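Asker: Below are the sequence and a predicted model for it; my questions follow.
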Amino acid sequence: MTAGGALAVPRISTARVWTMLAVGVFAQTATTAFVVAPALLIPLLHLRQGVPLVQAGLLAAAPNLGLVLALVAWGAAADRFGERVVLVTGLVLTTAAALVAAAPVGSTGLGIALLVGGAASASANAASGRIVVGWFARERRGLAMGIRQMCQPLGVTIAAVTVPTIAEGAGVGAALLLPAALCGVAAVLLAIVVVDPPRADRTAEATANPYRRSGFLVRVHLVSALLVVPQFTLSTFGLLWLVGSLHWRVLPAGLLVGAAQFVGAIGRLVVGALSDRAASRVGPLRLVAVLAVAVMALLALAAGLAPAAAAVVFVVASTVSVADNGLAFTAVAEAAGTFWAGRALGVQNTGQFLAAAAVGPVVGALIAGVGFPLAFVIVAAAPALAVPLVPPRSAEHDRL
């Protein structure tokens, strides 16, 4: 640190900074593949091995439960000990848990290993975002965070393409060795590449609880939880809508859902870059919320459209519904500061996961009761509620 308390930034090349981002993306892609893998094993567990569907569902839910329970704790650890040690420790533990899960440990042992592995994988959620905020200048953070947020669809895609096929040919244990290997490689790369970003002096002002200063962070958390509702509505029930309501064939419907996920990932990059140009995260966040209301309402009308038109509406709606994630994540990290960013990002992710968990049963009941069009209209109420909750730009810049 300098005498005046300014940051003494280590000499890190631009290439090293982008390499850290790439390794962070790989690490969270690997942990995502581990977390989603058990859900992809349900057909084999239930149909081939006779595992009751309820038990198979519990196994599939175990990594997500562990992840949600550990997010804030890993964030606090990153605030206290730094990003590198948290990332490396978490990925090593995830690798170990995945190897145990791949062994013949029985259903109870498998469930415990998946729960522990999910909890360990939360380290990547909590600490990799801090790397972006710590090493990238503000005018590049939106784009960098958009790239970072591509890890979730990438991890799902890798697992979906590989895990069921491996399990079909070699069994459940062999299928879980793939995410174990990915996490192990990620742990090594993180240990080699990651350097903790510089921090301000540990003064009373720098370490003060940002939640006590204003309601900015709480408002962003609430907005994000509300915007998760249309996102998970489409990712959970989109295929069913296309096949059951619009009478698409399964193969083209599945391809469209996959394409929509890919376009949505690219959309995160675009929106992140837009926030850099606008020098604001909350401005584009408010725009996304408004557009989410519009596209969900339009989707309710799409049942009467031609199949091609319905496909376009679905892709646009899917893209808009995921566009907020990187914006909110960046806004939270910037507002929380270096000594609170980990905990704040943990709270941010926890709220999103809890809201996402509610979407399946609640929206499923809505669809069963009133049908897809009216259910989509009701879902549009969530982003409509989010619009007035988005903090003003003045509040955002007061925190920088």
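Answerer: Good, I have the coordinates.
Asker: Every contact and neighbour count from this point should use C-alpha atoms.
Answerer: Will do.
Asker: Quick check, Ala225 in contact with Ala358.
Answerer: No: Ala225 lies out of contact with Ala358 (CA atoms under 8 Å); the separation is 10.6 Å.
Asker: In terms of packing, which of these two has more residues around it?
Answerer: Each of Ala225 and Ala358 has its neighbours counted (other CA atoms under 10 Å); Ala225 has more, 22 against 13.
Asker: Local confidence estimate at the more buried one?
Answerer: At Ala225, the model reports a pLDDT of 94.
Asker: Report the spatially closest residue to it, excluding sequence-adjacent ones.
Answerer: Gln352 (4.8 Å; CA to CA, 6 or more residues apart in numbering).
Asker: Count residues in the vicinity of that neighbour, would you?
Answerer: Neighbour count for Gln352, taken as other CA under 10 Å: 22.
Asker: Can you tell me how far it is from Val229?
Answerer: 9 Å (CA to CA, to the nearest Å).
Asker: can you check Leu69 too?
Answerer: Leu69 sits 21 Å away from Val229, going by CA to CA.
Asker: So which of these two has more stuff around it?
Answerer: Taking other CA under 10 Å, Leu69 and Val229 do not tie; Val229 has more neighbours (24 against 16).
Asker: Helix or strand: which one has that one?
Answerer: Val229 is located in helix 216-240, with elements delineated by DSSP states H and E.
Asker: elements contacting that helix?
Answerer: Under the contact criterion of 3 or more CA pairs under 8 Å, 6 or more residues apart in numbering; DSSP states H and E, the helices and strands touching helix 216-240 comprise helix 210-213, helix 250-278, helix 282-301, helix 307-322, helix 324-336, helix 341-370, helix 372-379, helix 381-386.
Asker: Specify the angle between it and helix 307-322 in degrees.
Answerer: Here helix 216-240 runs at 160 degrees with respect to helix 307-322, directions being taken by axes from the mean of the first three to the mean of the last three CA atoms, to 10 degrees.
Asker: what number of residues lie near Leu239?
Answerer: Neighbour tally, Leu239, other CA under 10 Å: 20.
Asker: show me the contacts for it.
Answerer: Ala253, Gly254, Val257 (CA atoms under 8 Å, 6 or more residues apart in numbering).
Asker: Distance check, it against Leu176.
Answerer: 26 Å.
Asker: Now do the SS call for Pro198.
Answerer: Using DSSP: H, G, I helix; E, B strand; the rest coil, the structure places Pro198 in coil.
Asker: Might one say that it is in contact with Gly134?
Answerer: Yes: using CA under 8 Å, Pro198 is in contact with Gly134, at 6.9 Å.
Asker: who's more crowded, the two?
Answerer: Ranked by neighbour count (other CA under 10 Å), Pro198 and Gly134 place Gly134 first, with 22 against 15.
Asker: what stretches of the stretch 51-200 of the chain score poorly on pLDDT?
Answerer: Low-confidence segments of the stretch 51-200 of the chain, defined by pLDDT under 70: 200.
Asker: Helices along the stretch 51-200 of the chain, start to end?
Answerer: Using DSSP state H, counting those that start in this stretch, the helices found in the stretch 51-200 of the chain span residues 53-81, 83-102, 106-135, 138-148, 151-170, 172-193.
Asker: Name the residues that touch the shortest one?
Answerer: Residues outside helix 138-148 that contact it (CA under 8 Å, 6+ apart) are 21-22, 24-25, 129, 132-133, 136, 268-277, 279, 281, 326-327, 329-330.
Asker: angle of it against helix 250-278?
Answerer: 170 degrees.
Asker: Can you give me the buried ones in helix 138-148?
Answerer: Buried residues in helix 138-148, counted by 16 or more other CA atoms under 10 Å: Arg138, Arg140, Arg141, Gly142, Leu143, Ala144, Met145, Gly146, Ile147, Arg148.
Asker: what's the answer for the fifth one, then?
Answerer: When neighbours are counted by 16+ other CA under 10 Å, the buried residues of helix 151-170 are found to be 151-160, 162-164, 166-167.
Asker: farthest-separated two in the residues you listed?
Answerer: Farthest pair in the buried residues of helix 151-170 (CA to CA) is Cys151 and Ala167. Separation: 23.1 Å.
Asker: Next up, the contacts around Gln352.
Answerer: Listed by CA under 8 Å, 6+ apart, the contact partners of Gln352 are Ser224, Ala225, Val228.
Asker: For it, give its distance to Val161.
Answerer: For Gln352, the distance to Val161 - CA to CA - is 26 Å.
Asker: likewise Gly111?
Answerer: From Gly111 across to Val161, the span is 23 Å (CA to CA).
Asker: Please apply the same query to Ile378.
Answerer: Using CA to CA, one gets 33 Å for the distance from Ile378 to Val161.
Asker: In contact with the residue nearest in space to the middle of the chain, which residues?
Answerer: Closest residue to the average C-alpha location of the chain: Gln152 at 5.5 Å, with CA atoms, centre = their mean. When contacts are counted by CA under 8 Å, 6+ apart, Gln152 touches Gln28, Thr29, Thr32.
Asker: Cross-check the contact I'm expecting between the second one and Ala159.
Answerer: Spelled out, that is Thr29. No: counting by CA under 8 Å, Thr29 sits too far from Ala159 to count as a contact (9.6 Å).
Asker: List the contacts of stretch 211-229.
Answerer: 210, 289, 292, 321-322, 324-325, 328, 331-332, 335-336, 344, 347-348, 351-352, 355-356, 359, 379, 382-383, 385-387, 389-391, 395-396.
Asker: Quick one, which of these are buried?
Answerer: Among the contacts of stretch 211-229, those scoring as buried are 210, 289, 292, 321-322, 324-325, 328, 331-332, 335-336, 344, 347-348, 351-352, 355-356, 359, 379, 382-383, 385-387, 389-391, 396 (criterion: 16+ other CA under 10 Å).
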